[in-house]
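Asker: here are the coordinates; sequence isn't available:
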């Protein structure tokens, strides 16, 4: 009996001996969500690894500064997941002004 798993990024893998083996190229089974969007709507995701390296932070440090689990950073960098919504906006701002973002995130808001 063949055991298959559908991954979050649309890939289908076969499970054998506790390991995953690609069944076929991802394009054969799932088209990226942006494939059907109008050309003006297609955006390139922020290069998370490049942003983190420019900030000279480890994955653990970067995750702590953003307030997300380190697994999230790993998934973004490996292309398993894409940053969406507020995370995508924050990464875009980090690309333009990393010092300002990290300084703002480091300060605790004063109680009102």
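Answerer: Received it, and whenever you're ready, just let me know what you need. Keep in mind that what you see is a predicted model, and the values were worked out from it rather than measured.
Asker: Please make it C-alpha for all contacts and neighbour counts, starting now.
Answerer: OK.
Asker: Dihedrals phi and psi, the closest residue to residue 52 other than its chain neighbours?
Answerer: Nearest non-adjacent residue to residue 52, counting by C-alpha to C-alpha, 6 or more residues apart in numbering: residue 62, 6.5 Å away. Note on residue 62: backbone dihedrals following degrees, to the nearest 10 are phi -60, psi -40.
Asker: now do residue 60
Answerer: Main-chain torsions, residue 60, degrees, to the nearest 10: phi -60, psi -40.
Asker: what's the longest helix anywhere in the chain packed up against?
Answerer: As assigned by DSSP state H, the longest helix anywhere in the chain is helix 85-96. Judged by 3 or more C-alpha pairs under 8 Å, 6 or more residues apart in numbering; DSSP states H and E, the packing partners of helix 85-96 are helix 48-54.
Asker: Can you give the distance of the helix it packs on from its chain's centre?
Answerer: 12 Å (C-alpha atoms, centre = their mean, to the nearest Å).
Asker: Verify the stated contact: residue 106 with residue 65.
Answerer: Yes. The pair residue 106 / residue 65 is scored as a contact, 7.3 Å apart, by C-alpha atoms under 8 Å.
Asker: if you count what's nearby, which of those two comes out ahead?
Answerer: Comparing residue 106 with residue 65 by other C-alpha atoms under 10 Å, the one with more neighbours is residue 65, at 15 against 11.
Asker: for residue 2, what are its contacts?
Answerer: 14-15 (C-alpha atoms under 8 Å, 6 or more residues apart in numbering).
Asker: Looking at the residue nearest to residue 52 now. What's its pLDDT?
Answerer: Per-residue confidence at residue 62 stands at 95 (pLDDT).
Asker: isn't it right next to residue 51, touching?
Answerer: No. Using C-alpha under 8 Å as the test, residue 62 is too far from residue 51 to be in contact (9.5 Å).
Asker: Can you check which residues contact both of the two?
Answerer: Common neighbours of residue 62 and residue 51 (C-alpha under 8 Å, 6+ apart) do not exist.
Asker: Between these two, which is the more surrounded one?
Answerer: Shown here are residue 62 and residue 51; by other C-alpha under 10 Å, residue 62 has more neighbours (21 against 18).
Asker: Tell me where the model's unsure across this structure.
Answerer: For the chain, applying pLDDT under 70 flags the ranges 24-46, 108-112.
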